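# Here is my input; please provide its structure:
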Amino acid sequence: MRSLGIFLALTGAAFWGIGGTAADYLFTRENISMNWFVTARLLISGFLLLGVQMILKNKREVFIIWKDPEKRMPLIYFSLFGMLLVQYSYMASIEAGNAAVATLLQYLAPIYIIIWLVVKKIKPMKFADTAAILITVIGTMLLLTNGSVSSLSVPVPSVIWGIISGISLAFYTLYATTLLHKYSSITVVGWAMMISGIFMNFIHPIWQIDTSSWTFSTVSVLLFGIICGTTLAFWMFISSLKYITAKETVLFGTVEPLTAVLSSVLLLSLPFGRYQFIGMIMILVLIVFLSLYREKELSEADIS
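Residues are numbered from 1 along each chain as shown. From the prediction side, this is the model:
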């Protein structure tokens with residue numbers, strides 16, 4: 001059954017990565033509104049996750065979190081400043097640039113976690129932390145400039161949104177522990193998606209979309225981005241924990257940025273320079289390194 005766990009973790013992470021490329025395609029080739037896509041992605045995925053939880057568990061398991069007065073506001077904070085900000089900033093970075101760079105910038109979140117832990121004096125700065133930050137700076141600069149310090153190979157708005165995405169993912173990761181100690185991850189994430197999706201619905205209602213120009217390709221990519229790239233990806237990733245350890249699951253999750261880059265290059269013909277490739281490799285090595293120790297770091301963290 002261990003092989004099943006590895007398959008679920010790898011496939012879930014790959015779906016996440018390709019889901020970013022699917023969003024890139026929808027924004028650039030099909031002129032789908034980014035705001036609408038975020039609304040649809042959150043609402044539909046939240047509904048499906050909570051529906052699965054109700055079928056596999058029971059209604060009480062899904063709604064019990066709202067009967068806990070100590071967790072209602074934390075759930076709302078997590079939904080708006082964690083889930084919504086992560087999803088929106090990531091998609092905004094993709095729309096302004098591309099899925100490959102947006103995913104790599106988002107996956108710098110562990111660096112922000114290290115900085116937080118050091119600033120809060122929860123842990124001292126170690127040599128490994130300093131080396132990780134240095135590699136991050138060098139790798140990111142190569143990724144964004146392709147070796148030319150006088151110019152950016154990635155639009156500035158994409159970089160800004162990508163950095164915000166990484167910071168919000170760090171908050172998402174740390175703050176989630178206050179809820180996951182007591183409730184299942186599917187319940188917490190399902191409600192967070194529903195709440196943030198309802199909020200986004202006030203910005204861009206899900207029913208306000210012109211489908212007259214949609215083709216079979218549009219619908220297919222859209223369904224993949226929402227169902228496979230969000231709902232199934234999360235469910236498979238969580239399900240893998242039944243068969244392999246959390247540390248292994250997190251490590252296999254590093255496939256996401258790799259698949260985002262490869263799918264963008266192969267499917268969208270994204271130009272990727274030599275120095276950008278070197279920067280990507282540096283960041284991927286860093287992600288693997290940080291993933292090996294992230295479980296320990298998170299157990300030491302508490303921002304509640």
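# Quick check: phi and psi on residue 268?
phi -110, psi 0 (degrees, to the nearest 10).
# what about it, distance to residue 236?
24 Å (Cβ to Cβ, to the nearest Å). For every residue, glycine as well, the C-beta is placed using N, CA and C.
# Same drill for those two, tell me which one is more crowded.
residue 236 (20 against 17; other Cβ atoms under 10 Å).
# For the more buried one, give me its contacts.
If you count contacts by Cβ atoms under 8 Å, 6 or more residues apart in numbering, residue 236 has them with 8-9, 11-12, 15.
# repeat for residue 237
8-9, 12-13, 16, 249, 253.
# Out of those, which one has the lowest pLDDT?
Among the contacts of residue 237, residue 249 carries the lowest pLDDT, at 72.
# which element is that residue on?
Using DSSP states H and E, residue 249 falls within helix 246-252.
# The helix or strand that comes right after that helix - contacts with which helices or strands?
The helix or strand immediately downstream of helix 246-252 is helix 255-267, counting by DSSP H and E. The helices and strands touching helix 255-267, judged by 3 or more Cβ pairs under 8 Å, 6 or more residues apart in numbering; DSSP states H and E, are helix 2-28, helix 99-106, helix 274-300.
# Contacts made by the shortest one with the rest, please.
With contacts defined as Cβ under 8 Å, 6+ apart, helix 99-106 is touched by 17, 20-21, 23-24, 86, 90, 93-94, 140, 143-144, 154, 158-159, 161-163, 165-166, 169, 256-257, 260-261, 263-265, 268, 270, 272, 280, 283.
# Following element in sequence after that helix, please.
helix 109-119.
# Give me the below-cutoff pLDDT ranges for this structure.
149-152, 246-247, 250, 290-304 (pLDDT under 70).
# hmm, 50 instead?
298, 302-304 (pLDDT under 50).
# Helix, strand, or coil at the closest residue to residue 144 other than its chain neighbours?
Spatial nearest neighbour of residue 144, chain neighbours left out: residue 154 (4.9 Å); criterion: Cβ to Cβ, 6 or more residues apart in numbering. On the three-state scheme (DSSP: H, G, I helix; E, B strand; the rest coil), residue 154 is labelled coil.
# I'd say residue 154 and residue 142 touch.
No. Between residue 154 and residue 142 there is no contact under Cβ atoms under 8 Å: 11.4 Å.
# List the residues that contact residue 76.
residue 195.
# repeat that for 10 Å
Residue 76 makes contact with 191-192, 195-196, 199, according to Cβ atoms under 10 Å, 6 or more residues apart in numbering.
# go on, residue 249?
By Cβ under 10 Å, 6+ apart, the contact set of residue 249 is 5-6, 8-10, 12-13, 237-241, 243, 291, 295.
# Alright, I will stop here.
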